[in-house]
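> 3D model of this:
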Amino acid sequence: MRVIVIGAGVLGVGVARQLAVAGEDVLLLDRRGAGTGTSATTFAWTNSYRRLDPDYHRLGLAGMEEHARLAGQLPGAPSYFPSGALQWADAANEQWLADNVERLQSLGYPARWVTPAEAARISGPLRIPTTITRIAHFPGEGYVLPGLFVRSLLADAERHGAEYVVGEAVEIDEGPDRVTVTLAGGEVRPADRVVLAAGRWTRRLAARAGIDVPMVTDTGRGSPAVGLLGYVRHPGLALRCVVHSPGLNLRPAGDGCAVLQALDLNADVDPADPPSADGDVAGTFARRFSALVTRRGRAPEIDLRVGVRSLPADGRTIAGHASGHPRVYCLVSHSGVTLAPVLGRLVAAEITTGREQGLLAAFRPTRFTGGRGPGPQADQRATRLGEQ
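Alright, predicted model coming up:
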């Protein structure tokens, strides 16, 4: 079977690899290069922390488990780290954290309370402010180095025979016997199936095939799809796990570097006018980071990057065929890093065998049929942990 996968972010590459491993004839397309879209600007925390919908929580757990299995299959340097995660709470957030810990424990999700001394041993050299009143540890969580992860998936996909081409898909034409993809230069590529995993560009491409994929398309200031990350290198920083503090989230990025996230700052970010390296936003990141490190020096330089999430209209993953479109498979998620391994396996299984996978039953694009509007997640900014 000839399958064209459009989009070489974590989801597209993950599906392409699994299809190639299964022996299918795979062409992977990306308009700019593998991992250069949303996958390049993600906090990359693997978790099922705030998936309140039971189906989504189960899918998140499966994603976490699949990461561990996949890590043993990919060649080269490791890109997945089951480091665990810590969340610190002050008096204002203590009850919110306690409610989450109780809820997760009731679901069997590993969560426990730790002392500041134990937290310091788990995280590495960070200063825990005296305002912190409770600390929770989630040992099953972790993080991914997304650039390395995409490169490893792509290398393994090519090793199993997948073809990778940098080229922009501009048209999808679905017929009764085949589907074709037209590239920007006019070249037409035929296939038996197309997997549309083009991130935030998915809705536009799907519409050209007569398919409606409801997504948040606003990318202006304050959009829930817009997120800001800071990248910092600091002498002696040996962060060992993901840390969520009241003002700043941190994850290791290797070689004394860390990725920073401050959800409250996202509302003022405009991708058309991104914050400067010497502006107020960068200064806020630097002050919050400096307050947490044990070895202080001059104010660190923060490399700011604005990302646009691939956000379905109701906040939940979309995976499957739209009504009347058996040859185009739509795949969109704003939980791409956590879910990439399991979605790659499940989507490839549905395409190669024609059998539906139970974990994906609740995430079909057909759920939007009949005028069902977006759920509440799409109308709220991500200001709480796990909502980003």
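
> For the stretch 51-200 of the chain, which segments count as helices?
Here the stretch 51-200 of the chain has its helices, by DSSP state H, counting those that start in this stretch, at 54-71, 94-106, 116-123, 146-159.

> Deepest-packed of those, please.
A comparison of the helices of the stretch 51-200 of the chain by mean neighbour count, using mean count of other C-beta atoms under 10 Å, puts helix 146-159 on top with a mean of 21. (C-beta placed from N, C-alpha, C; glycine too.)

> what's the angle from it to helix 54-71?
70 degrees (axes from the mean of the first three to the mean of the last three C-alpha atoms, to 10 degrees).

> And helix 146-159, what does it pack against?
For helix 146-159, the elements it packs on are helix 10-21, strand 25-30, strand 163-166, helix 336-353, judged by 3 or more C-beta pairs under 8 Å, 6 or more residues apart in numbering; DSSP states H and E.

> Just the CA atoms of the longest one, as PDB, please.
By that I understand helix 336-353. Below are the C-alpha coordinates for helix 336-353, written out as PDB (Å, rounded to 0.1, in the frame of the first residue of the first chain):
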ATOM      1  CA  GLY A 336       1.700  15.500  20.300                       C
ATOM      2  CA  VAL A 337       4.900  14.700  22.300                       C
ATOM      3  CA  THR A 338       3.100  12.600  24.900                       C
ATOM      4  CA  LEU A 339       0.900  10.800  22.300                       C
ATOM      5  CA  ALA A 340       3.200  10.500  19.300                       C
ATOM      6  CA  PRO A 341       4.400   6.900  20.000                       C
ATOM      7  CA  VAL A 342       1.000   5.400  20.800                       C
ATOM      8  CA  LEU A 343      -0.800   7.400  18.000                       C
ATOM      9  CA  GLY A 344       1.900   6.300  15.500                       C
ATOM     10  CA  ARG A 345       1.200   2.600  16.400                       C
ATOM     11  CA  LEU A 346      -2.600   2.800  16.500                       C
ATOM     12  CA  VAL A 347      -3.000   4.900  13.400                       C
ATOM     13  CA  ALA A 348      -0.700   2.700  11.400                       C
ATOM     14  CA  ALA A 349      -2.600  -0.400  12.600                       C
ATOM     15  CA  GLU A 350      -5.900   1.100  11.500                       C
ATOM     16  CA  ILE A 351      -4.500   2.000   8.100                       C
ATOM     17  CA  THR A 352      -2.800  -1.300   7.500                       C
ATOM     18  CA  THR A 353      -5.400  -3.700   8.900                       C
END
